[in-house]
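# quick one, structure for this:
(2 chains)
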Amino acid sequence: MDEKTIICRCEDVTYGQIIKAIDEGFTTLEEIKRMLRCGMGACQGRTCLRLISQIIAERTGQSIHEITLPTARPPAMPIELGVLAGKADSAAGEREPGGGPR
Amino acid sequence: MKKQASAVIIGGGVSGCGLAYCLARRGFHDVVVLERDYLASGATGRCGGGIRQQWSTEENTRLAMESVRLFGQLDEELGFETEFEQGGYLILAYSEEEVEQYKKNVAMQQGLGLDVRFVDAQEAREIAPHLNTDGVLCATYCPGDGSANPFFVTQAYAEAAKRLGVEIELFTPVTEILTRGDRIAGVVTPRGRIDTPLVVNAAGGDSVPLARMTGLDLPIVPTRHEIMVTEPVDPFFTTMVISFRHGVYFRQEKRGGIIMGYGDPEEKPGYNIDSSLKFLRAMSRKILNLMPALHQVKVVRQWAGLYDSTPDALPILGPVDQVEGFIQVNGFSGHGFMLAPKVVDLLARMITGQELDLDIDRLHLNRFQAGDISRDLSVV
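The predicted structure follows:
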């Protein structure tokens, strides 16, 4: 893992950016999420947040158990507006469930 | 943490951090900001980020116009990119009653020098492609309205304040406000006490229990407002769209996600900020009514925050008659972020005894006792 390693794939956030944020004093996941957008993309942090917890723990000397995960926000996976609205023509099957942006 | 300070600001949102910066810039450095959680963890960081100058009261319009001017200078002044953009605001009218009200609003706003005008349904569709304008009689459009990133604006103010000597203590709730007679004497936190003659209550919905620690009642009703955002899609409009008829606002962020919220008239007052399925469903129906082309776009996240609503939807600013040294910066009723730059400038002038270039006497707490209020009608 080097500075350019991508940790948050949805928002293209690198290991180097995360280390820099921690060194600037953003030592909680909530803060790092808000400054760098890790966990705000399509996967909502399913991939990156645990990795970032580990990086925070290593960098700050805290135990990983002390790192609080950000509030889990619904929906559990991306859902089409048409499905939520209950429209018949939402064509839910046309795209892969949980598929990426665009 | 300091044991004494010239002022303690409670609340690390945009108002608290902004005021700390403005005070320090005016030479008033001995300030501590106490934040219960992390910066912008309350209403600031939960808001939609919109910045609007189209209001029905002169007070809000003036504060917003001056704030827009200041937002335009913020990046350079604070050395931080706050993502301020002027993508415009489009406000839809569906009834003759709304048209009549908007005529009054626009006349007042234009009288104050705001670049705002009426557009017809077709122009509304040009400004916001794919907008369903069925039933829309006309709309008002202000191209200078816009948005900024609430986390970044707060962080920008906080870092600039720290460079000027302000102390910002995170994860430090205030458990008691000390008074001596009818004067402020200090605050108590789990990390110790700070003696101070001046306490600023900039805690959003939590301003109410904080004020009560001094025996002061604020006529603020905290009420949950929910928001959600979609996955990014190719950018196709820059304006915020508001329909008071639907109680809805929405815009597309630069990254492509569409962020939207609505004010549920059935929402009960309280401190609950959980996300609800009811909102997710109702909001989806409302947005698809206004922009049917979005039906395959996916919602990725929803959240909620508190409006700290006053009876006239105007903020409570300045000292209070009941407790000396207790300054209120609250009651923004859902638009504290967009008014913050001018509000904090004015309060810093007030606290440091300098001249105010905009009269905010009418925003004193005692207006509610006198019954001298007229409500801003342009609230989502």
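# now do stretch B:248-268: distance from first to last residue.
End-to-end span of stretch B:248-268 (C-alpha to C-alpha, to the nearest Å): 18 Å.
# name the residues of that stretch that are buried.
B:248-253, B:256-264, B:267 (16 or more other C-beta atoms under 10 Å in any protein chain shown). The C-beta positions use only the backbone N, C-alpha and C, and glycine is treated the same way.
# swap in stretch A:60-68?
In stretch A:60-68, counting by 16+ other C-beta under 10 Å, buried: A:Ile67.
# and the one residue sitting closest to the centre of chain A, how close does it get to chain B?
The centroid of chain A falls nearest to A:Gly39 when counting by C-alpha atoms, centre = their mean (1.7 Å). Distance, A:Gly39 to chain B, by C-beta to the nearest C-beta, to the nearest Å: 9 Å.
# can you check the pLDDT for that residue?
Per-residue pLDDT puts A:Gly39 at 88.
# wait, what's in contact with it?
A:Cys8, A:Leu29, A:Lys33, A:Gly45, A:Cys48, A:Leu49, A:Pro70 (C-beta atoms under 8 Å, 6 or more residues apart in numbering or on different chains).
# and it, which of the three is it?
Assigned state for A:Gly39: coil (three-state reduction, DSSP: H, G, I helix; E, B strand; the rest coil).
# do me a favour and average the pLDDT over the helix or strand harbouring B:Val33.
Assigning secondary structure by DSSP states H and E places B:Val33 in strand B:31-34. Per-residue pLDDT values over strand B:31-34 give a mean of 98.
# over to stretch B:80-88?
On average, stretch B:80-88 scores 97.
# can you give me how far it is from the chain middle?
Mean C-alpha position of stretch B:80-88 versus that of the full chain (C-alpha atoms, centre = their mean, to the nearest Å) differs by 16 Å.
# what's the answer for stretch B:132-139, then?
Counting by C-alpha atoms, centre = their mean, stretch B:132-139 is centred 28 Å from the centre of its parent chain.
# equivalent analysis for stretch B:343-357, please.
Mean-position distance between stretch B:343-357 and its chain equals 19 Å (C-alpha atoms, centre = their mean).
# quote the end-to-end distance of that stretch.
This stretch, stretch B:343-357, spans 11 Å end to end (C-alpha to C-alpha).
# how near is B:Arg281 to A:Gly82?
Look at B:Arg281 and A:Gly82: by C-beta to C-beta, to the nearest Å, they are 12 Å apart.
# returning to that earlier point: show the subsequent helix or strand relative to the strand holding B:Val33.
Next along the chain after strand B:31-34, taking DSSP H and E as the criterion, comes helix B:43-46.
# which outside residues touch that next one?
Contacts for helix B:43-46 (C-beta under 8 Å, 6+ apart): A:34, B:13-15, B:39, B:150-151, B:154, B:204-205, B:227, B:273, B:303-308, B:332, B:336-337.
# kindly recompute the last result at 6 Å.
B:Gly13, B:Val14, B:Pro150, B:Phe151, B:Thr154, B:Gly204, B:Gly305, B:Leu306, B:Phe337 (C-beta atoms under 6 Å, 6 or more residues apart in numbering or on different chains).
# need the CA coordinates for that helix. PDB is fine.
Extracted in PDB, the C-alpha atoms of helix B:43-46 (Å, rounded to 0.1, in the frame of the first residue of the first chain):
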ATOM      1  CA  ALA B  43     -28.000  21.200  11.600                       C
ATOM      2  CA  THR B  44     -25.200  22.700   9.600                       C
ATOM      3  CA  GLY B  45     -23.800  19.400   8.300                       C
ATOM      4  CA  ARG B  46     -27.200  18.000   7.800                       C
END
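# B:Arg281 and A:Gly82: which is more packed in?
A:Gly82 (22 against 14; other C-beta atoms under 10 Å in any protein chain shown).
# what residues does the helix or strand encompassing that one touch?
Using DSSP H and E, A:Gly82 sits within helix A:81-85. For helix A:81-85, the external contacting residues (C-beta under 6 Å, 6+ apart) are A:Ser90, A:Ala92, B:Leu280, B:Arg281, B:Ser284, B:Arg285, B:Leu288, B:Leu294, B:His295, B:Val297.
# and for stretch B:338-353?
By C-beta under 6 Å, 6+ apart, the residues outside stretch B:338-353 that reach it are B:14-15, B:18-19, B:22-23, B:26, B:28, B:51-52, B:63-64, B:66-67, B:70-71, B:356, B:360.
# among these, which are in strands?
Secondary structure from DSSP state E places B:Ile51 of the contacts of stretch B:338-353 in strands.
# buried ones only from the contacts of stretch B:338-353, please, as a PyMOL command.
Buried residues among the contacts of stretch B:338-353 (16+ other C-beta under 10 Å), as a PyMOL selection:
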select buried, chain B and resi 14+15+18+19+22+23+26+28+51+52+63+64+66+67+70+71+360
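# in helices only, show me the contacts of stretch B:338-353.
The helices, defined by DSSP state H, take in B:Val14, B:Ser15, B:Gly18, B:Leu19, B:Cys22, B:Leu23, B:Leu63, B:Ala64, B:Glu66, B:Ser67, B:Leu70, B:Phe71 from those.
# now distance to chain A and pLDDT too, for the residues you listed, in JSON lines please.
Output for the ones in helices among the contacts of stretch B:338-353, formatted as JSON lines (distance: C-beta to the nearest C-beta, whole Å; pLDDT from 0 to 100):
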{"residue": "B:Val14", "distance to chain A": "13", "pLDDT": "98"}
{"residue": "B:Ser15", "distance to chain A": "18", "pLDDT": "98"}
{"residue": "B:Gly18", "distance to chain A": "17", "pLDDT": "98"}
{"residue": "B:Leu19", "distance to chain A": "21", "pLDDT": "98"}
{"residue": "B:Cys22", "distance to chain A": "22", "pLDDT": "98"}
{"residue": "B:Leu23", "distance to chain A": "22", "pLDDT": "98"}
{"residue": "B:Leu63", "distance to chain A": "26", "pLDDT": "97"}
{"residue": "B:Ala64", "distance to chain A": "24", "pLDDT": "98"}
{"residue": "B:Glu66", "distance to chain A": "27", "pLDDT": "98"}
{"residue": "B:Ser67", "distance to chain A": "22", "pLDDT": "98"}
{"residue": "B:Leu70", "distance to chain A": "22", "pLDDT": "98"}
{"residue": "B:Phe71", "distance to chain A": "19", "pLDDT": "98"}
